[in-house]
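Trainee: heads up, no residue letters with this:
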C-alpha cells in the first residue's frame, strides 16, 4: 500500500512538469518571433482576440438562456 501512495504522489509533479514543457515548447517560438515589430503586434492582437473569444464563449455557456 505504501508503494501505491508513493506512486500517487508523483502524479502532481508529472502534471506540472508536463504543463511547463508544453508551455515552453509553445511560447519559445512565439517569443523568438517578437523581434519583428509587425509580427509582435500581430501576436499580441491574436492573443487578445483569443482571450476575448474564450471569455465570450464561457460567458455564453454559463449564463442562463434568455427568455425569448
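Mentor: Thanks, I have it. Just so you know, these numbers come straight off a predicted model, no measurement behind them. Numbering: from 1, shown residues only.

Trainee: got a list of what the residue nearest in space to the middle of the chain touches?
Mentor: Most central in the chain under Cα atoms, centre = their mean is residue 23, positioned 7.6 Å from the mean C-alpha point. Going by Cβ atoms under 8 Å, 6 or more residues apart in numbering, residue 23 touches no other residue. C-beta here means a position set from N, CA and C on the backbone, and glycine is covered the same way.

Trainee: ok, now how distant is it from residue 4?
Mentor: Distance of residue 23 to residue 4, computed by Cβ to Cβ, to the nearest Å: 30 Å.

Trainee: now for the closest residue to residue 33 other than its chain neighbours, how many residues are close by?
Mentor: Counting by Cβ to Cβ, 6 or more residues apart in numbering, residue 33 lies nearest to residue 39, which is 5.0 Å off, once chain neighbours are set aside. Here the number of neighbours of residue 39 (other Cβ atoms under 10 Å) works out to 13.

Trainee: which helix or strand contains residue 39?
Mentor: Using DSSP states H and E, the element containing residue 39 is helix 37-62.

Trainee: and the one helix or strand residue 20 maps to with helix 37-62, angle?
Mentor: Following DSSP H and E, one finds residue 20 within helix 10-32. Put simply, helix 10-32 runs at 140 degrees to helix 37-62, going by axes from the mean of the first three to the mean of the last three Cα atoms, to 10 degrees.

Trainee: please renumber the chain so that the first residue is 723 from this point on.
Mentor: Let's use 723 as the start, then, which means that last one is helix 732-754.

Trainee: what comes up buried for helix 732-754?
Mentor: For helix 732-754, a neighbour-count test (16 or more other Cβ atoms under 10 Å) marks nothing as buried.
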